[in-house]
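1. give me coordinates for this.
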Amino acid sequence: MAAQRFSTLDDMHDIAGKPVLVREDLNVPVHDDGSVSDDTRLRATMATLTELADAHAKVLVLAHFGRPKGHASEDLSLRPVAEALGKVLGRHIGFLASPERHAIDALANGSITVLENSRFYPGEEKNDPALVSQMAALGDFYVNDAFSTAHRAHVTTEGLAHALPAFAGRAMEAELRALEAALGDPEHPVAAVVGGAKVSTKLDVLTHLVAKVDHLIIGGGMANTFLAARGVDVGNSLCEHDLTDTANRIMDVADAASCTVHLPYDVVVAGEFAAGAENRTVNVHEVGSDEMILDIGMAAVEALSDVLKTCKTLVWNGPLGAFEIEPFDRATVALAQTAAALTREGSLVSVAGGGDTVAALNHAGAAGDFSFVSTAGGAFLEWMEGKELPGVKALET
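-> Purely as a prediction, here's the structure:
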């Protein structure tokens, strides 16, 4: 998506004293005592919320929390999250359980107020027009700052964008610009790393990418399915043998699109998936019948590093091996650190996303050096599949 096709906070005028509805992602992990265990998403709101508050708008934060399915539940109230948000922003954050326009009009200019869990309303997930009208009456402007929810056509993620002047928040803006640089209009050659357990969960991603990128690097359990499709005996490894024909079709499409698919030629195998399990590195044709492939070998990683050195753009989704357990994290760590180094020196634009991916890059100490790391899960995956995201489409001007 081209940057100029959506309005940003730079295009907002005369907002002092006016209520602005801001969709954020506050769906954070909360302990029983109400404390937040990971405030990454809260920190992502800072730029937009503080900019609007400093412009003397009345900032009203919309967000969902958990899956209350249209019923109010004290356990899923955003009240404790609002308190945690206040600590992150270093300013008082108000909370309104039952927002009405007269109460909002009475709020102080420059205030930030969290509204109760949007999914307490039965019409939220149905994108009910009546609820759109009800919520739109609370504000004069709408800002979507939550790319991670943009794949859902809900009232607070899509409906409101049609009812009020709509803008992308700073986090959303950064995400859209990064994605445009990665696959919208990237500088070639482009490489994509796609890992994870199963081909079946990323069929659409793989099919879309082979027509977009120059190099497709396949890792994780799904690489075993592609190896099996090429006649390799993968032993006791995780493998979707019923999808080998599909894997071959993807590789045929890649050939037709001049996309090189990279599969490992040496792998790390073990008899069990356990920390410190006895393991060995072998050629893919030497995997024992009682062994499972748990990582890519370092010779293959070195070759993949050489590929990245020839590329200008990298998109990364999913680990190369079972990175959660040593020593099966080595390939992911090594290639991530190569990508980070190339990004630091300015020769590579690197964009990564997806839950496991963020964890893997953090584990490698590489996330901070990537050009952009998206914390969005489903939305990032659907974007990689080439699907139109309702929450993004609604922001287009």
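2. break this structure into its domains for me.
-> 3-172, 186-384 (automatic domain parsing).
3. and the last one, end to end?
-> Going back to what we said before, that points to domain 186-384. Across domain 186-384, the terminal residues are separated by 14 Å (C-alpha to C-alpha, to the nearest Å).
4. what about the helices in the stretch 101-250 of the chain?
-> With DSSP state H, counting those that start in this stretch, the ranges of helices along the stretch 101-250 of the chain come out as 101-105, 129-136, 160-163, 170-179, 203-209, 220-229, 244-256.
5. and the ones you listed: which comes nearest G288?
-> Minimum separation from G288 across these (C-beta to C-beta) falls at helix 220-229, 14.1 Å. Quick note: C-beta positions are derived from backbone N, CA and C, even for glycine.
6. and that closest one, C-alpha only, in CSV?
-> Included here for helix 220-229 are C-alpha records, laid out as CSV according to Å, rounded to 0.1, in the frame of the first residue of the first chain:
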residue,chain,number,x,y,z
GLY,A,220,11.0,-25.1,10.4
GLY,A,221,8.9,-28.2,10.2
MET,A,222,7.5,-27.2,6.9
ALA,A,223,10.9,-27.6,5.3
ASN,A,224,10.5,-31.3,6.0
THR,A,225,7.4,-31.5,3.9
PHE,A,226,9.2,-29.9,1.0
LEU,A,227,12.2,-32.2,1.4
ALA,A,228,9.8,-35.2,1.4
ALA,A,229,8.3,-33.9,-1.7
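7. returning to what we had before: relative to K393, which of the domains of the chain is closest?
-> Nearest to K393 among the domains of the chain is domain 3-172 (7.9 Å), distances taken as C-beta to C-beta.
8. quick one on the thing from earlier: Throw the helices of the stretch 101-250 of the chain into TSV and include mean pLDDT, mean neighbour count and distance to N27, thanks.
-> Putting these into TSV (pLDDT from 0 to 100; neighbours: other C-beta atoms under 10 Å; distance: least, C-beta to C-beta, whole Å) gives the following:
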stretch	mean pLDDT	mean neighbour count	distance to N27
helix 101-105	95	12	23
helix 129-136	98	17	18
helix 160-163	98	20	18
helix 170-179	94	23	14
helix 203-209	92	19	23
helix 220-229	95	25	26
helix 244-256	96	16	33
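9. between the ones you listed, which one is closest to S305.
-> Once the helices of the stretch 101-250 of the chain are compared by C-beta to C-beta, helix 220-229 is nearest, at 16.8 Å.
10. helices or strands next to the closest one in the packing?
-> Under the contact criterion of 3 or more C-beta pairs under 8 Å, 6 or more residues apart in numbering; DSSP states H and E, helix 220-229 touches helix 244-256, strand 292-296.
11. what sits up against the longest one?
-> Right, the one you point to is helix 244-256. Contacts of helix 244-256 with the rest of the structure, by C-beta atoms under 8 Å, 6 or more residues apart in numbering, involve 199, 203, 206-207, 210-211, 216, 225-226, 228-229, 260-261.
12. just tell me which of the helices and strands packed on helix 220-229 ends up closest to S111.
-> Closest approach to S111 among the helices and strands packed on helix 220-229 (C-beta to C-beta): strand 292-296, 51.3 Å.
13. got the angle between that closest one and helix 220-229?
-> Orientation of strand 292-296 against helix 220-229 (axes from the mean of the first three to the mean of the last three C-alpha atoms, to 10 degrees) gives an angle of 110 degrees.
14. please compute how far strand 292-296 lies from its chain's middle.
-> Per C-alpha atoms, centre = their mean, to the nearest Å, the displacement of strand 292-296 from the mean C-alpha position of its chain is 25 Å.
15. that strand - what's its average pLDDT?
-> Per-residue confidence for strand 292-296 averages out to 97 on the pLDDT scale.
16. export it as PDB, just CAs?
-> Output in PDB follows, covering the C-alpha atoms of strand 292-296 (Å, rounded to 0.1, in the frame of the first residue of the first chain):
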ATOM      1  CA  MET A 292      13.800 -36.100  13.700                       C
ATOM      2  CA  ILE A 293      15.000 -33.000  12.000                       C
ATOM      3  CA  LEU A 294      15.000 -30.100  14.500                       C
ATOM      4  CA  ASP A 295      17.200 -27.500  12.900                       C
ATOM      5  CA  ILE A 296      19.000 -26.500   9.700                       C
END
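17. who are the packing partners of it?
-> helix 220-229, strand 266-270, helix 330-344.
18. export these as CSV, with columns for distance to K18.
-> Below are the helices and strands packed on strand 292-296 laid out as CSV (distance: least, C-beta to C-beta, whole Å):
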stretch, distance to K18
helix 220-229, 48
strand 266-270, 59
helix 330-344, 40
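19. for those, which one sits closest to G377?
-> The stretch from these with the least distance to G377 (C-beta to C-beta) is helix 220-229; that distance is 16.0 Å.
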